[in-house]
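# sharing a model that was predicted from the sequence below.
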Amino acid sequence: MHDDRSITEHRLRRVLKERIKPAVHSRPVPLAIGRWEAPGEPVPVADGLAAPYEPCAIGETWGPAWGTTWFKVTGTVPADWAGRTVEAVLDLGFDRMMPGFQCEGLVHRADGSEVKALNPYNDWVRVADSAAGGEQVEWYVEAASNPVLVDHSATYEGDRQTSGDQPLYRLARMDLAVFETEVWELVQDLEVLYDLMTQLGEADARRYEILRAIDAALDAVDLGDIPGTAAAARARLTGVLAAPAHASAHRISAVGHAHIDSAWLWPLRETVRKVSRTTSNMVALMDAHPEFVFAMSQAQQLDWIKTHRPELFERIKKKIADGQFVPVGGMWVESDTNMVGGEAMARQFLYGKKFFLDEFGIETHNVWLPDSFGYTAAMPQIVKLSGSKWFLTQKICWSQVNAFPHHTFWWEGIDGTRVFTHFPPVDTYNSDLGGAQLAHAAGNYREKGRGSRSLVPFGWGDGGGGPTREHLARARRQRDLEGSPRVEIERPDAFFEKAHAEYADAPVWAGELYLELHRGTYTSQAKTKQGNRHSESLLREAELWAATAAVRVPGYGYPYEDLERIWKTVLLHQFHDILPGSSIAWVHREARGTYARVREELRGITLAAQLALAGEGTAELVFNCAPHARRGIPAGGAGLPEAAAGHQPATVEERHGGGHVLANGRLLVEIDGRGLVVSAYDLEARREAVAPGRAANLLQIHPDFPNMWDAWDIDAFYRNSVTDLVELDALEVVEAGPDAVTVRVSRSFGRSAAVQSITLRAGAKTVDMVTEVDWHETEKFLKAAFPLDVKAERSASETQFGHVYRATHTNTSWEAAKFEICAHRWIHVEEPGWGTAILNDSTYGHDVTRDMRPDGGQTTTVRLSLLRAPRYPDPETDQGAHTLRFSLAPGAEIADAVREGHALNLPERVVHGAAPVAPLLALDNDAVVVEAVKLAEDRSGDVIVRLYESRGGRAKASLEADFRIAEATETDLLERPLPGPAVSAPAADGAVALTLRPFQIVTVRLRRA
């Protein structure tokens, strides 16, 4: 037989595109159109309905960037369409190649209720399943003219304050039409078979059976009467569509999904509308297809619907009760997990799961994070403590170097907790359920022979949209189809239960799920990151002092509503395109303003509580919110600081050869004539921290132009070029003791300037650097380098509730790929007996390298990533003034790093009052760190204390309260009782004994007597 495959395939593609698909909607009748341009920001629906509409025609342009145009469409169903299925086709000017990244619309009835949304693959609205003829159509389309920002080039369209006012779209079609059901079904048959056929091997007989059936079906189509011949064409495909799948075929659990970034290439206010558009379509699809199941994460997004679209929220609640609409994830948003602080991560689950429980009575069991940029090794324990037991991610398939070895596995965290995890081999969270993607899922699946199933999230995503009727048609046809995996639409929990049952002994992956990509997100948009870190610290302060005041001060009211509202604001901004710095300028401009308001409100809550505790008086009381005592003030208490007894004063002298020598009896610090730290000598250990011949606190600048993903990525080749910033504008002593000495260093470089204040305090074992940068570079990367005389095989980086170790060598491609790493408040390197920590108050990106010197010693260089200047998606990323704080701690052990990291991030507060304030709670073991003190969410007045073992070893501690304890209970993150040995009943003296394993998190609920 001659090989005519290409001829038939080409024939099918053309006939489908040019004849059959256009025939799905026949006999079009234009609708009458009116338009109204909403001024400024989106208006309430009532305003849109009542607006003065002007006549409009197909072909007219509409919509400046970020504008809203309302279209009124009216018409009458022709009488001779009686008994036919009628739809309206409303094409706003869509580009079919970019669903979710362009204009969108939401159709309203005249009473303001939603009909459904419009997007590139969903531009129809059903008028009647069986028309009577004469039906009147009157709809109002709220059309959003969001600009297309996906070409990765610098643009000012990403902020309404800088975008243009020219129209971006051209109205393409607004018709009533007959929906030709058989033609639509024929399209689905042909597309499924074509996709399947092209995935089969050239020697597979099944491929040729499908080819011949398609050829015969096309022969049956009369191109002049496609509706009249579609049924005959479909009949010729019946046999190949009925052939059952192989017994060993891979099994796919298809879960409807619409990944909706809470902000990214659109602002938060547009996401509020996106989620309404998407969910209105999902509810409508459920009405028409009872088998359809749709999973939605992010409690925040459902809360937006509850607030802005209450009638839609009620429809969603009914579908949740019916089991079709499935809340998943259990988090407030799909957050970043690298940079979010420990307590904030706990609150993501507390408020996310609490919302699902309160609103729907649903306990979510799976954590759904398909798109975050790597996953902290602390996550398994947090997942388990939230009451969840399964974890799903997709993003690690984006790693550039190493292919992850498992698709179903147990993920082990830093404390030893394991969570059953699935990484869908389809390698997308926006599957179209097409043959190519399903074949990839089956072929790519790494658990063959042990497991047999995987999960596929399907539906248009990123900017939302979700599944369509075409997706469901593909799922039906591939439920049991020869050559295809078996596809079953089902809930995520059903998949996890089946996967766990067949593969309970899945392999174990220990440690972080590091994404070998998007490493620049640890640094981009420094003020967003600083706002997050500072907000987390301020929330800790506000809760601690408010809880203390609520227990101690009669009449003081704990600010439950205010704290919950602020927490949810901070959690929202931890979304995985906001905190990482990968959103448009509008998002980060608003974030800066939001963090400023959060800061002022939290300072007000804190001060009110502190004043209530301190009473009226003139004594200068220092409040210590840190989890360790300092200057004689206990953790969680306030008082008069002790004099630095036994400590020498801080002094400064001229240095031979230029510069200054700073000393305090514990450290001897030399700053040379270039303003660089050339020595940081630990007088107690008699060890030099700075490597011979090198300089610390060295600012370095690199070119920064990655191959793609500007705000997201740094590529390793950036290291090939570096400029040390050693040119000096000024070097001066600005504080000369005895409490502290400070040397100020000023430099200019490029179009920017930096002023660094280097401070040594009396009694301190840290050298503090405050770096003020006026940053006006483009596509540059600013680092601060600390070359240390330490032979370190690994570094320790603080993460949530502990720390993670990473190799300093590059023996394998896995280690080499981690050329940029994330740390929270500190990073530590050591050799047996001595180490050094670098502390920071808002920096996350770091790198650690090692070099051998001619003298045989090893230099371990730790660098902080301070600022970047990518041009996309925000062309002005990080431009302007920044203040960054970091410290060098020579001789520090892990315990010192933990203590000093908290101290730097939780500064003392001075309040005038009458008398010292005793701590509400006290621990007798510094290895056990208090992460949060608050009152219980149920408003019972119970005190909640969350703590963890911080050093990676076992620990026992005694928790004492400054109130009578009736009962002490270990709880989960939602403050529900947990069985376990960590917490004992209060002893006769009221103390609660704690026993913790390495890095264990324990939440204790204290009921007051």
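Happy to help now that I have it. Residues are numbered from 1 along each chain as shown.

# please enumerate the helices of the stretch 551-700 of the chain.
All helices of the stretch 551-700 of the chain, identified by DSSP state H, counting those that start in this stretch, fall at 560-572, 585-614.

# residues contacting the residue lying closest to residue 181 once chain neighbours are set aside?
Leaving aside its sequence neighbours, residue 181 sits nearest to residue 85 (CB to CB, 6 or more residues apart in numbering; 6.1 Å). For glycine as for every other residue, the C-beta is placed from the backbone atoms N, C-alpha and C. The neighbours of residue 85, taking CB atoms under 8 Å, 6 or more residues apart in numbering as the test, are 126, 128, 129, 130, 131, 178, 179, 181.

# any of those buried? List them.
Taking 16 or more other CB atoms under 10 Å as the criterion, what is buried in those is 128, 131, 178, 179.

# my guess is the first one contacts residue 86. True?
It stands for residue 128. Yes - the pair residue 128 / residue 86 is scored as a contact, 4.9 Å apart, by CB atoms under 8 Å.

# which neighbours do those two share?
Residues touching both residue 128 and residue 86 (CB under 8 Å, 6+ apart) are 77, 135.

# distance of residue 790 from residue 662?
Distance, residue 790 to residue 662, by CB to CB, to the nearest Å: 21 Å.

# cool, residue 1005 as well?
Separation of residue 1005 from residue 662 (CB to CB) stands at 47 Å.

# same check, this time on residue 992
44 Å.

# again with residue 920
Going from residue 920 to residue 662 by CB to CB gives 38 Å.

# neighbour count for these two, which is higher?
Set residue 920 next to residue 662 and count neighbours by other CB atoms under 10 Å: residue 662 wins out with 27 against 23.

# pLDDT score for the more buried one?
On pLDDT, residue 662 comes in at 98.

# measure it to residue 715 for me?
Computed as CB to CB, the residue 662 to residue 715 distance reads 38 Å.

# which residues touch stretch 216-229?
So stretch 216-229 is in contact with 8, 11-12, 15, 19-20, 23, 26, 180, 182-183, 186, 189-190, 230, 232-237, going by CB under 8 Å, 6+ apart.

# residues contacting the residue lying closest to residue 917 once chain neighbours are set aside?
Distances taken as CB to CB, 6+ apart place residue 638 nearest to residue 917, at 3.9 Å, with adjacent residues excluded. Shown in contact with residue 638 (CB under 8 Å, 6+ apart): 610, 613, 614, 621, 622, 623, 624, 911, 913, 916, 917.

# just the ones in strands from those residues, please.
With strands defined by DSSP state E, the entries of the contacts of residue 638 inside them are 621, 622, 623, 624, 911, 913.

# residues near the fifth one, how many?
Other residues near residue 911 number 20, with proximity taken as other CB under 10 Å.

# wait, it sits on residue 623?
Yes - counting by CB under 8 Å, residue 911 touches residue 623, with 6.2 Å between them.

# shared neighbours of these two, which are they?
Here residue 911 and residue 623 have 610, 638 as joint contacts, going by CB under 8 Å, 6+ apart.

# just the strands from the stretch 651-800 of the chain, written as ranges.
Under the criterion DSSP state E, counting those that start in this stretch, strands of the stretch 651-800 of the chain are mapped to 651-654, 660-663, 667-671, 677-682, 687-688, 698-703, 723-724, 730-736, 740-749, 752-761, 767-775, 780-788, 794-799.

# what's the closest of these to residue 455?
Nearest to residue 455, of all these, is strand 794-799, at 27.4 Å by CB to CB.

# in its sheet, what does that closest one sit against?
strand 802-807 (antiparallel), strand 826-831 (antiparallel) (DSSP bridges).

# is it possible to export those strands to CSV including mean neighbour count and mean pLDDT?
Converted to CSV, the strands paired with strand 794-799 look like this (neighbours: other CB atoms under 10 Å; pLDDT from 0 to 100):
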stretch, mean neighbour count, mean pLDDT
strand 802-807, 21, 98
strand 826-831, 24, 98
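
# could I get the ones you listed as CSV with distance to residue 111?
Listed next are the strands paired with strand 794-799 as CSV, based on distance: least, CB to CB, whole Å:
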stretch, distance to residue 111
strand 802-807, 55
strand 826-831, 59
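
# before we move on, back to that, what bridges to the residue nearest to residue 917?
Under the criterion used (DSSP bridges), residue 638 bridges to residue 623, residue 917.

# how close does it get to residue 417?
Using CB to CB, residue 638 is found at 36 Å from residue 417.

# need the contact list for residue 727.
747, 748, 749.

# kindly recompute the last result at 7 Å.
Neighbour list for residue 727: residue 747 [criterion: CB atoms under 7 Å, 6 or more residues apart in numbering].

# repeat that for the one 5 residues further on.
Under the criterion of CB under 7 Å, 6+ apart, the neighbours of residue 732 are residue 744.

# residue ranges with poor pLDDT in the stretch 801-950 of the chain?
Scanning the stretch 801-950 of the chain for pLDDT under 70 picks out nothing.

# show me where it has strands.
802-807, 821-822, 826-831, 834-840, 845-852, 858-868, 880-890, 909-913, 921-923, 928-935, 943-949.

# same question for the stretch 151-300 of the chain.
For the stretch 151-300 of the chain, the strands defined by DSSP E, counting those that start in this stretch cover 169-170, 173-179, 251-257, 294-296.

# now the ones you listed in TSV, with distance to residue 557 and mean pLDDT?
Below are those laid out as TSV (distance: least, CB to CB, whole Å; pLDDT from 0 to 100):
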stretch	distance to residue 557	mean pLDDT
strand 169-170	52	98
strand 173-179	56	98
strand 251-257	42	98
strand 294-296	36	98
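
# which one of the ones in strands among the contacts of residue 638 is nearest residue 899?
Using CB to CB, residue 624 comes nearest to residue 899 of the ones in strands among the contacts of residue 638, at 12.0 Å.

# for that closest one, give me the pLDDT.
Predicted confidence (pLDDT) at residue 624: the value is 98.

# start at 38 instead
With the count now opening at 38, the last piece we talked about shows up as residue 661.

# so how far is residue 237 from the closest residue to it other than its chain neighbours?
Distance criterion CB to CB, 6+ apart; nearest residue to residue 661, sequence neighbours excluded, is residue 670 at 4.3 Å. Here residue 670 is placed at a distance of 73 Å from residue 237 (CB to CB).

# repeat that for residue 508.
Plainly put, residue 508 is 22 Å away from residue 237 if you go by CB to CB.

# residue 221 too?
Separation of residue 221 from residue 237 (CB to CB) stands at 25 Å.

# picking that back up, make TSV out of the strands of the stretch 188-337 of the chain and add distance to residue 1012.
Formatted as TSV, those follow (distance: least, CB to CB, whole Å):
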stretch	distance to residue 1012
strand 206-207	50
strand 210-216	52
strand 288-294	30
strand 331-333	25
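
# the ones you listed: which one's closest to residue 405?
Minimum separation from residue 405 across these (CB to CB) falls at strand 331-333, 7.0 Å.

# which parts of the stretch 388-537 of the chain are helices?
With helices called from DSSP H, counting those that start in this stretch, the stretch 388-537 of the chain shows them at 416-422, 472-481, 506-514, 529-539.

# let me know which of these is tucked in deepest.
Neighbour counts (mean count of other CB atoms under 10 Å) averaged over each of the helices of the stretch 388-537 of the chain peak at helix 416-422, with a mean of 24.
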